[in-house]
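> just coords:
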DNA sequence: CTGTTAGCGCATTCAG
DNA sequence: CTGAATGCGCTAACAG
């Protein structure tokens, strides 16, 4: 194992000494990091086995072809005689060659990597979304750089710069409106963008969002059916389109149903769900709709803390069909988004842009209200052997 | 935006025409992707605003210094007169210059990026862990490439290659033992590695893991106190150290307590938690310990499906203090790991290796048993205004 | 089809 | 302290 001397990796010597010789660099240690904590950086070589320093030149030599030919064989571009390709591939395998993406990107101006910028990976909604995006991207041969902004616009801005520095081919982002400037910068730098879940109107960026209008109307009707006359709504922040739109949709639906409403303004965080529910309970509502998953959790907890059984004592509709909710009993009525389609569509949209087609299309995928199936005790239902129940 | 002609980005022309002129490339379109779906790739220029193509040369020109000087000013390496540096930085800002990480890495052999390879981002345990790692790395100026292997060794292998291709400076990984070969390859390529949560013995890779021995012993004692005589245990897969060790620890603890045991073998997935609980119930256990969060969820669901109230009718201890569990009432006794320290320590360990120090140290952080606080109804507890309750 | 050649943008020598 | 020159590993034009 990495015992063995501390050696500065001079060029590469993949075991079969070749390559021009190097003057030994003056300094023995480089700095790791510019204005960050600096520490020494040295390569620790373990005997011969430093295979990753193998270059395409080594492969070419091994296969007895020129560098260019090796490149074509490995990348699959350009025309190559089948036997030649095989020879090169064999050589590459023998040498355990893995191409240097940096070098390739530098030349080709493509990194085959996309960025995914989300508010918080700890939010199950975004974790699931990230998973789907990553999966879709992968199936297109793209790597994903996942950046979780911790619900902080500043951090989102920092990450935007990181992604720019990495020259990702494109970025999928669930934005705050307060991140508008950062995103404009990205846009100005020519990076293809796609908005996911949320959007910022007027930026001309294509988006994939949920259409919650009908689902919210259904939810309101459901609450009314449950006997609600005064429906409380825990809204998202006005910095997000989802916050604004869902609230408007709720107002419209309530007006249509002729019920009274009470609004509590939240921020898509669990804590604001608690506060919102507390406030609504104090205002004497007899039905509640929470407009995102984390606030649903908060509202739920607060309810119980107040001795009110949500969905039993108090008609209640939550948001997003995230895994945790499956633990609840009786299960909650939920507004469900089609996460899977959303993620996949976002990747496709980005791909379209990478293909040179610009658009500012907005794809709206319908959400729906999901009611508790058997109401009480959904027991004895068979376990489906392979699908993760979520 | 992005209307405007389709132009092949010939070199760069950041608005202030300079730079050698180029022969217009023969083909108008490049291929995006080698053996993947191929599609055309073109740069869509929007007027002048293609600022990201600004290079350090442009900055140098703008500041009236040479390329090398600009580089030193921007990277902070080498010596530079303060006024010169200021001039360069100002120019960079004016041009909205963002350095090309690819180019820098190619030269410096450092990407300032680390890989994080986890089994599944949808698992709240790993989502939280990823969040911590990402945060720690960020504070050290490192970007994280997050790869979620979907509990699939093949996929883990693919990602290992991706990370190698990207020449990440190091990798933090929660491995399967079946991924041993992939990891050996990584190791052989000289990539610094750190194991997190799980480890693979004998590879000489430093690791950060939980020490669950005492917590598991406490859990067994707790179950016995609750009246259990025949304790069921839902174990993780033998492909993971956590699966093996926890089982051994459980056996030892049970032997010490003199209770009977029943083992159900699972795979750290929710579904196996259900099956495991089903099997254990059939075997007449009167107390259950599940050895990871997802299986805890599964076991919990199965219990209820069988009409048994976990932690009420049946003494039950779950694993990991993940957010969903806070929704349960009465709350579950849980074995809690110190996620935060684990993630931070892993990053520090990787940093140490990047600094040239090799070690195969194993850091074990103690887990602990957390019992329900007020048992019944933890109501009316004050809301702490800023901490996300998890 | 294959070999040759010229840089991608930057960090890092070496002279001055 | 600064400018000039070199090449990281690879892709893509070009010529045979």
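Received, thanks. Keep in mind that what you see is a predicted model, and the values were worked out from it rather than measured.

> which residues touch the residue in the stretch 251-390 of chain A that chain B sits nearest to?
Going by CB to the nearest CB, chain B is nearest to residue A:324 of the stretch 251-390 of chain A, at 3.3 Å. C-beta coordinates here come from the backbone N, C-alpha and C atoms, glycine included. Residue A:324 sits next to A:124, A:297, B:323, B:324, B:327 when contact means CB atoms under 8 Å, 6 or more residues apart in numbering or on different chains.

> Return the member of these nearest to DNA strand D.
Nearest to DNA strand D out of the contacts of residue A:324 is residue A:124 (CB to the nearest atom of the strand; 38.0 Å).

> tally of neighbours for the closest one?
Residue A:124: 24 surrounding residues under other CB atoms under 10 Å in any protein chain shown.

> Could you report the separation of it from residue A:256?
Relative to residue A:256, residue A:124 is positioned 32 Å away (CB to CB, to the nearest Å).

> same question, residue A:169
45 Å.

> Compare neighbour counts for these two and give me the winner.
residue A:169 (23 against 11).

> And that one, how close does it get to residue B:339?
Taking CB to CB as the criterion, residue A:169 is separated from residue B:339 by 33 Å.

> Near DNA strand D, which residues of the stretch 101-250 of chain A? Just list them.
Residues of the stretch 101-250 of chain A lying close to DNA strand D (CB under 7 Å from any atom of the strand) are A:103, A:104, A:106, A:107, A:108.

> In CSV: those, plus neighbour count, distance to chain B and secondary structure.
Below are those laid out as CSV (neighbours: other CB atoms under 10 Å in any protein chain shown; distance: CB to the nearest CB, whole Å; DSSP: H, G, I helix; E, B strand; the rest coil):
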residue, neighbour count, distance to chain B, secondary structure
A:103, 16, 5, helix
A:104, 21, 9, helix
A:106, 19, 5, helix
A:107, 11, 9, helix
A:108, 16, 7, helix
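
> what subset of the residues you listed is also close to DNA strand C?
Applying CB under 7 Å from any atom of the strand to those, one finds that A:103, A:106, A:107 fall near DNA strand C.

> Just give me the closest of those to residue A:239.
Nearest to residue A:239 among these is residue A:106, at 37.6 Å by CB to CB.

> Can you tell me the SS state at the closest residue to DNA strand D within the stretch 201-350 of chain A?
Residue nearest to DNA strand D within the stretch 201-350 of chain A (CB to the nearest atom of the strand): residue A:350, separated by 19.7 Å. Of the three states, residue A:350 takes helix according to DSSP: H, G, I helix; E, B strand; the rest coil.

> Distance check, the most centrally placed residue in chain A against residue B:127.
Centroid check for chain A by CA atoms, centre = their mean gives residue A:130 as the closest residue, at 3.4 Å. Going from residue A:130 to residue B:127 by CB to CB gives 9 Å.

> Then residue A:352?
Taken as CB to CB, the span from residue A:352 to residue B:127 is 30 Å.

> what kind of secondary structure is the closest residue to residue A:159 other than its chain neighbours in?
Once flanking residues are discounted, residue A:159 sits nearest to residue A:147: 4.0 Å by CB to CB, 6 or more residues apart in numbering or on different chains. Judged by three-state DSSP, the three-state class of residue A:147 is strand.

> Show me what residue A:147 bridges to in the sheet.
As for beta bridges, residue A:147 partners with residue A:117 under DSSP bridges.

> May I ask you to confirm that it is in contact with residue A:166?
No - in this structure, residue A:147 is not within contact of residue A:166 by CB atoms under 8 Å, at 10.3 Å.

> I'd like to know which helix or strand in chain A has the lowest mean pLDDT.
strand A:30-32 (a mean of 33; mean pLDDT, DSSP states H and E).

> quick one: the helices in the stretch 251-390 of chain A?
Assigned by DSSP state H, counting those that start in this stretch, the helices in the stretch 251-390 of chain A fall at A:270-282, A:293-305, A:339-354.

> Let's have the ones you listed in JSON lines, adding distance to residue A:161, mean neighbour count and mean pLDDT.
Formatted as JSON lines, the helices of the stretch 251-390 of chain A follow (distance: least, CB to CB, whole Å; neighbours: other CB atoms under 10 Å in any protein chain shown; pLDDT from 0 to 100):
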{"stretch": "helix A:270-282", "distance to residue A:161": "29", "mean neighbour count": "23", "mean pLDDT": "97"}
{"stretch": "helix A:293-305", "distance to residue A:161": "27", "mean neighbour count": "26", "mean pLDDT": "93"}
{"stretch": "helix A:339-354", "distance to residue A:161": "19", "mean neighbour count": "22", "mean pLDDT": "95"}
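
> What number of residues are in the vicinity of residue A:312?
Neighbours of residue A:312 using other CB under 10 Å come to 11.

> Excluding covalently adjacent residues, which one is nearest to it?
Excluding its sequence neighbours, the residue lying closest to residue A:312 (CB to CB, 6+ apart) is residue A:330, at 6.8 Å.

> And for residue A:263?
What sits nearest to residue A:263 in space, not counting adjacent residues and going by CB to CB, 6+ apart, is residue A:233, at 5.3 Å.

> Doesn't that neighbour lie inside a strand?
Yes - counting by three-state DSSP, residue A:233 is part of a strand.

> Retrieve the pLDDT associated with it.
Model confidence at residue A:233, given as pLDDT, is 98.

> any residues in contact with both of residue A:147 and residue A:166?
residue A:115.

> export the ones next to DNA strand C among the residues of the stretch 101-250 of chain A next to DNA strand D to TSV and tack on pLDDT?
As requested, those are arranged in TSV below (pLDDT from 0 to 100):
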residue	pLDDT
A:103	94
A:106	92
A:107	90
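
> How much space separates the residue of the stretch 251-390 of chain A closest to chain B from residue B:298?
To residue B:298, residue A:324 is 13 Å away according to CB to CB.

> now residue A:327
Using CB to CB, one gets 10 Å for the distance from residue A:327 to residue B:298.

> Now residue A:175: phi and psi?
As for residue A:175, its main-chain torsions (degrees, to the nearest 10) stand at phi -90, psi 160.

> from what I can see it touches residue A:198, true?
Yes - checked against CB under 8 Å, the pair residue A:175 and residue A:198 is within contact range at 5.7 Å.

> more neighbours, those two?
For residue A:175 and residue A:198, the more surrounded residue by other CB under 10 Å is residue A:175, and the numbers stand at 29 against 23.

> Identify the residues contacting that one.
With contacts defined as CB under 8 Å, 6+ apart, residue A:175 is in contact with A:117, A:156, A:183, A:195, A:198, A:199, A:200, A:240.
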